[in-house]
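>>> Give me a 3D structure for the following:
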Amino acid sequence: MTSLNAVFGADGALAQALPGFRPRRGQLTMALAVEEALDGRSKLVVEAGTGTGKTFAYLVPALFSGRRVIVSTGTRTLQDQLYHRDLPALGRAIGRPVRVALLKGRANYLCQHRLALVRTAPELPGLGARGLTALTRIEAWSRTTVAGDIGELESVPDSDPVWLQVTSTRDNCLGQDCPEFRGCHVAEARRAAQAADLVIVNHHLLLADMALKEEGFGELLPGADAVILDEAHQFPDVAAQFFGTRVASRPLVALARDLLAELTRAGLLDAAARLPVDALEQATAATQRVLSGLGERIDWALLPDAALEAAADVAAALERIAEHFGAPALEAPGVRQCARRALETAARLRAILDADISAGLRWAEISARGFSLELTPFEVAARLKTQFDARPCAWICTSATLAVDEDFGHFTRRVGLDDARTLRIASPFDYPNQARLYLPKGLPQPSDPAYTAAVIDAALPLVRAAGGRSFLLFTSYRALGEGTRLLRARLQPGDDFPILVQGEIPRDALLRRFRELGNAVLLGTGSFWEGVDVRGPALSLVAIDKLPFAAPDDPLLKARLEGLKREGRNPFIEYQVPQAVLALKQGVGRLIRDGDDFGVVMLGDPRLRSRGYGRAFLASLPPMAVTEVEAEAVTFLRHHLGALAPTGTP
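Below you'll find the predicted structure:
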């Protein structure tokens, strides 16, 4: 058996094959712990600080183990990185080729049958000339693609709504009854996954298998010897959403449209067949009318009786469709599948309408284009624990942010892994010399109307000292909008750094532009707090407006808080503070991404010093020297940036 010490050592396989590889004690420590968990089929939770090299630390022992391993990620970006970059590089370095499969959700694969349906009924609402152009490109690509991964077709972004028409869902897939089943891209991807030694999935797909809900044509977990959850900090929230119950207007409209297309294709569309479809469309529209104007998110108790009655009419219309079109003798598998969809959707809607108060939190989400009715369980830890314990394989969770100070309890309790071994590996970066934490004095409380202006005023001298090269991260879209307006209003003729703002151009294009410019200021919220990797001096300042406590009207948060209250526990201290600590660690983690990086983190929130819980935030951050003096932070930036200037440059 190959020694991991040799692989990760100074003269080991990785050092010889990978340019720039440096031995790291923490990486080897993690790899040995993963190897032990794999051998013992045990549970392990690892927080690996930025720069540890955690990806290789779990992939190398997985490759050498000879076991069948599932790696689950929180994002498609990491899935693609593992499959297209990391695993091929490791395979070449250690001479250990294995069968690897990349398996994404259905929405990432072209469905030939649904593409044919679009050709049958091209008059799709809202498609327009642009959508028809995209559809033409998809049709041409469909004749040449092998994998059917929509990411291959760069001329049609994966966010384009046309993909909703030509990809499948678990509800509308015909399975083996599909006329295109022999060439089904999803089925082929599942077959490749079943035959692979290492399968890369995402948390949603993993949860589908865990819950024994077939997300495709079989299950992954029964044959797995180990499951590794990367980006594990995202797993509890994904699980809470997954185990909830939801009925939304868009799938209802899609069901009616699909049923009409399938009836047309089968030659069964007549006046009688249209009646139950019309009833569903009318009931859905009536529910939308009743809910419109009530707000974006409404607690169940505040919904008017008319909304509940309209929703009940939707359920009745779905049940009529199921009865009318569900006869086994009907020789039209697409129509029968629509009937099954209607029956399953009706059951979910009845479950929401009839739920007992102890079942979870119910609410309605409303927009100008649609609505959803939702039921979220108060907690999912017990359900997850049952799934973990039912499968005798190794379970390994890892992320850069799992512990609050040295305590993993918040994470392990949320996912039902109280019996797991925990390991915290500090970042190898030299934070005391590479970074400073600046806590400006004199800022008002975050509830003060002048707070955002005070944050911008505090950050601007540092932005100027950094020559741009900054992330300004906000905890709300309202603060982002106000901060953008205030920053632009305060710019002076000498401020020649470009301003980039989330929402003004797509996220990936925004990051690409930030890296290319090298001196830009990027203002963002949520999606820029994690998963963003900017190395080098292009990012030398991260300014965060306030502690990232979740919005109090967030349904997942409310459900969890209510569950804790029912148990007689303190929701703020036991849940809201730890969640905010982990979110802050993610935001702060944007700054130092490499051994040569440097910079300043500015945290504007005075509660770090004035409230007792502020100590938990500060104790969980990397060991940066703290200053409350603006001049010290400015000098630190100027010193390090000046050291980068070529000799003779003033």
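
>>> Backbone dihedrals for residue 181, please?
When read as degrees, to the nearest 10, the backbone of residue 181 gives phi -60, psi -40.

>>> check contacts around it.
174-175, 187 (CB atoms under 8 Å, 6 or more residues apart in numbering). C-beta: built from backbone N, CA, C; applies to glycine.

>>> ok, so what distance separates it from residue 173?
10 Å (CB to CB, to the nearest Å).

>>> who touches both of those two?
With CB under 8 Å, 6+ apart, residue 181 and residue 173 have no common neighbours.

>>> ok, back up a step: for ChimeraX, write a command that selects the buried ones of the contacts of residue 181.
Only the buried entries of the contacts of residue 181 go into this ChimeraX selection, using 16 or more other CB atoms under 10 Å:
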select :174,187
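
>>> Now render the contacts of residue 181 as CSV, adding secondary structure, distance to residue 386 and pLDDT.
Shown next, in CSV, are these (DSSP: H, G, I helix; E, B strand; the rest coil; distance: CB to CB, whole Å; pLDDT from 0 to 100):
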residue, secondary structure, distance to residue 386, pLDDT
174, coil, 31, 82
175, helix, 27, 82
187, helix, 29, 88
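
>>> from the contacts of residue 181, which is closest to residue 93?
residue 187 (33.3 Å; CB to CB).

>>> ok, residue 6 - contacts?
12-13.

>>> can you confirm it is in a helix?
Yes - assessed by DSSP: H, G, I helix; E, B strand; the rest coil, residue 6 belongs to a helix.

>>> Show me the shaky parts of the stretch 51-200 of the chain.
Applying pLDDT under 70 to the stretch 51-200 of the chain picks out residues 120-129.

>>> Strands along that one, start to end?
Assigned by DSSP state E, counting those that start in this stretch, the strands in the stretch 51-200 of the chain fall at 69-73, 100-102, 198-202.

>>> And for the shortest one, what's in contact with it?
With contacts defined as CB under 8 Å, 6+ apart, strand 100-102 is touched by 79-80, 83, 87, 189, 192-193, 195-200.

>>> what number of residues lie near residue 177?
Neighbour count for residue 177, taken as other CB atoms under 10 Å: 12.

>>> can you tell me which residues contact it?
Contacts of residue 177 (CB under 8 Å, 6+ apart): 333, 336-337.

>>> Recalculate using a threshold of 10 Å.
Contacts for residue 177 were tallied using CB atoms under 10 Å, 6 or more residues apart in numbering; they are 332-334, 336-337.

>>> Which among those residues count as buried?
So, by 16+ other CB under 10 Å, the buried ones in those are 332-334, 336-337.

>>> Out of those residues, name the ones that lie in strands.
Using DSSP state E, no member of those sits in strands.

>>> Return the set of buried residues in stretch 587-602.
Residues of stretch 587-602 classed as buried: 587-593, 597-602 (neighbour count, 16+ other CB under 10 Å).

>>> Same question for stretch 257-269.
For stretch 257-269, burial by neighbour count (16+ other CB under 10 Å) applies to 257-263, 265, 269.

>>> What of stretch 525-533?
Buried, per 16+ other CB under 10 Å, within stretch 525-533: 525, 528-530, 532.

>>> Specify which member of those is nearest to residue 494.
Nearest member of those to residue 494, counting by CB to CB, is residue 528, at 26.5 Å.

>>> I'd guessed the closest one sits against residue 522; true?
Yes - the pair residue 528 and residue 522 passes the contact test of CB atoms under 10 Å, sitting 7.1 Å apart.

>>> SS state for residue 397?
strand.

>>> Find the nearest non-adjacent residue to residue 139, please.
Nearest non-adjacent residue to residue 139, counting by CB to CB, 6 or more residues apart in numbering: residue 115, 6.9 Å away.

>>> which residues touch the one you found?
Going by CB under 10 Å, 6+ apart, residue 115 touches 135, 138-139, 142, 165-167, 180.

>>> coming back round to it: so which of the buried residues of stretch 587-602 belong to helices?
Cross-referencing these against helices under DSSP state H gives 587-588.

>>> of the buried residues of stretch 587-602, closest to residue 551?
residue 587 (16.0 Å).

>>> Please give me every residue in contact with the closest residue to that closest one other than its chain neighbours.
Excluding the flanking residues, the one nearest residue 587 by CB to CB, 6+ apart is residue 529, at 4.4 Å. Applying CB under 10 Å, 6+ apart to residue 529 gives the contacts 471, 473-475, 542, 544, 548, 583-590.

>>> if you set the cut-off to 8 Å instead, what comes out?
Contacts for residue 529 (CB under 8 Å, 6+ apart) come out as 473, 548, 583, 586-587, 590.

>>> What of residue 525?
Counted by CB under 8 Å, 6+ apart, residue 525 has contacts 473-477, 479-480, 502.

>>> Which one (most neighbours) among these?
The contacts of residue 525, ranked by neighbours (other CB under 10 Å): first place residue 473, 29 neighbours.

>>> Could I get the contacting residues of that residue?
Residue 473 sits next to 524-525, 528-529, 542-545, 587, 590 when contact means CB under 8 Å, 6+ apart.

>>> can you tell me how far it sits from residue 28?
Distance of residue 473 to residue 28, computed by CB to CB: 33 Å.

>>> go on, residue 113?
Using CB to CB, residue 113 is found at 50 Å from residue 28.

>>> now residue 369
Distance from residue 369 to residue 28, by CB to CB: 52 Å.

>>> So for the two, which sits in the more crowded spot?
Ranked by neighbour count (other CB under 10 Å), residue 369 and residue 28 place residue 28 first, with 19 against 9.

>>> secondary structure element for the more buried one?
helix 25-40 (DSSP states H and E).

>>> so where do the strands sit in the stretch 251-400 of the chain?
Listed in chain order, the strands of the stretch 251-400 of the chain (DSSP E, counting those that start in this stretch) span 297-299, 361-366, 371-376, 394-399.

>>> Dump the ones you listed into TSV; add mean pLDDT, mean neighbour count and distance to residue 407 as well.
Output for these, formatted as TSV (pLDDT from 0 to 100; neighbours: other CB atoms under 10 Å; distance: least, CB to CB, whole Å):
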stretch	mean pLDDT	mean neighbour count	distance to residue 407
strand 297-299	88	16	32
strand 361-366	92	21	27
strand 371-376	94	22	26
strand 394-399	96	25	15
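
>>> Quick one: the ones you listed as a markdown table, columns for distance to residue 453 too.
What follows is these, written out as a markdown table (distance: least, CB to CB, whole Å):
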| stretch | distance to residue 453 |
| --- | --- |
| strand 297-299 | 28 |
| strand 361-366 | 32 |
| strand 371-376 | 36 |
| strand 394-399 | 35 |
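
>>> closest to residue 307 out of those strands?
Closest among those, once you apply CB to CB, is strand 361-366, at 7.2 Å.

>>> Can you list the helices and strands that that closest one packs against?
Judged by 3 or more CB pairs under 8 Å, 6 or more residues apart in numbering; DSSP states H and E, the packing partners of strand 361-366 are strand 297-299, strand 371-376, helix 555-566.

>>> Put together a markdown table for the ones you listed, with distance to residue 436 on each row.
A markdown table is the format used below for those (distance: least, CB to CB, whole Å):
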| stretch | distance to residue 436 |
| --- | --- |
| strand 297-299 | 40 |
| strand 371-376 | 41 |
| helix 555-566 | 32 |
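
>>> can you give me the helices for the stretch 301-450 of the chain?
Assigned helices in the stretch 301-450 of the chain, in chain order: 305-325, 333-353, 381-390, 409-415, 431-434 (criterion: DSSP state H, counting those that start in this stretch).

>>> which parts of the first one are buried?
To tie it back to what came earlier, the one meant is helix 305-325. 307-308, 310-315, 317-322, 324-325.

>>> of the residues you listed, closest to residue 490?
Closest to residue 490, out of all of the buried residues of helix 305-325 and judged by CB to CB, is residue 307, at 46.1 Å.

>>> For the nearest residue to that closest one once chain neighbours are set aside, list the residues it contacts.
With CB to CB, 6+ apart as the criterion, residue 307 has its nearest non-adjacent residue at 4.6 Å, and that residue is residue 290. For residue 290, the contact set (CB under 8 Å, 6+ apart) comprises 304, 306-307, 310.
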